[in-house]
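Trainee: here is a sequence with its predicted model. Questions after.
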Amino acid sequence: MKKWMMIPALAGVLVIGGVAVAGNAGHSFAATPKGLLTMEEAEAIAVKSVGGTVTGIELDRELVGDIYEVEVKSNGFEYDLDIDAKTGKVLRTDKENDNDDDFDNDDSDDKVIAPNGKFITEKAAVNIAMKQAKGTVAEVKLDEDDGRVVYEIEIRDGKYDYDFDIDAISGEVLKFEKDSDKDND
């Protein structure tokens, strides 16, 4: 008979515990790793940098270091900022028209800053690419790809187009594509 009385009491405890857990759903109570800025501090840096309202923030634990990715809306624009989670330094700022759902093709307002100034030079990246492809350099762009800062390099030789992604820190060739030049077809 005592068993039967325990079951309803246990069920009541589970229901109350479930309500307590459900009440906390949607709130992140994860502690900030030691030595890193809090999300609130990263938000304040982003707002100070571009103004506006923070619409999203995420801590990315990357190979190059811990980075807060912060989205801010301000004066009809959407800004994406990468902020070093240890130093608070703004590493990258990307600005898009808030009404434009397409990718921002104008990179003139983008800034990519190397952690501790350790990126290889553009010339070094081109030299690495030219070891695998001969021709004329058509484009070199410093960009972020899947959490890595890379040099995107396009080389043309009249017969083929060569596309490279070269890690901006190590100089490693991450992507190499060789396609027939469409102008010669």
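Mentor: Yep, it's here. Numbers count the residues shown, from 1 in each chain.
Trainee: residues touching the nearest residue to residue 85 once chain neighbours are set aside, list them.
Mentor: Of all residues not flanking residue 85 in the chain, residue 66 sits nearest, at 3.7 Å (CB to CB, 6 or more residues apart in numbering). For every residue, glycine as well, the C-beta is placed using N, CA and C. The contact partners of residue 66, by CB atoms under 8 Å, 6 or more residues apart in numbering, come to 33, 36, 59, 60, 84, 85, 86.
Trainee: who wins for neighbours among those residues?
Mentor: Most neighbours among the contacts of residue 66, by other CB atoms under 10 Å: residue 85, with 24 neighbours.
Trainee: relative to residue 70, how far out is it?
Mentor: Computed as CB to CB, to the nearest Å, the residue 85 to residue 70 distance reads 11 Å.
Trainee: between the two, what contacts are shared?
Mentor: With CB under 8 Å, 6+ apart, residue 85 and residue 70 have common neighbours residue 42.
Trainee: which SS state does residue 42 fall under?
Mentor: helix (DSSP: H, G, I helix; E, B strand; the rest coil).
Trainee: contacting residues around it?
Mentor: Neighbouring residues of residue 42 by CB under 8 Å, 6+ apart: 57, 68, 70, 83, 85, 88.
Trainee: same check, this time on residue 133
Mentor: Contacts of residue 133 (CB under 8 Å, 6+ apart): 155, 157, 160, 162, 164, 178.
Trainee: sorry, back to before: tabulate the contacts of residue 66 in JSON lines, adding columns for secondary structure and pLDDT.
Mentor: JSON lines is the format used below for these (DSSP: H, G, I helix; E, B strand; the rest coil; pLDDT from 0 to 100):
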{"residue": "33", "secondary structure": "coil", "pLDDT": "66"}
{"residue": "36", "secondary structure": "coil", "pLDDT": "86"}
{"residue": "59", "secondary structure": "strand", "pLDDT": "80"}
{"residue": "60", "secondary structure": "strand", "pLDDT": "80"}
{"residue": "84", "secondary structure": "strand", "pLDDT": "88"}
{"residue": "85", "secondary structure": "coil", "pLDDT": "88"}
{"residue": "86", "secondary structure": "coil", "pLDDT": "89"}
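Trainee: now, which of these sits nearest residue 45?
Mentor: Distance to residue 45, by CB to CB, is smallest for residue 84 among the contacts of residue 66, at 9.6 Å.
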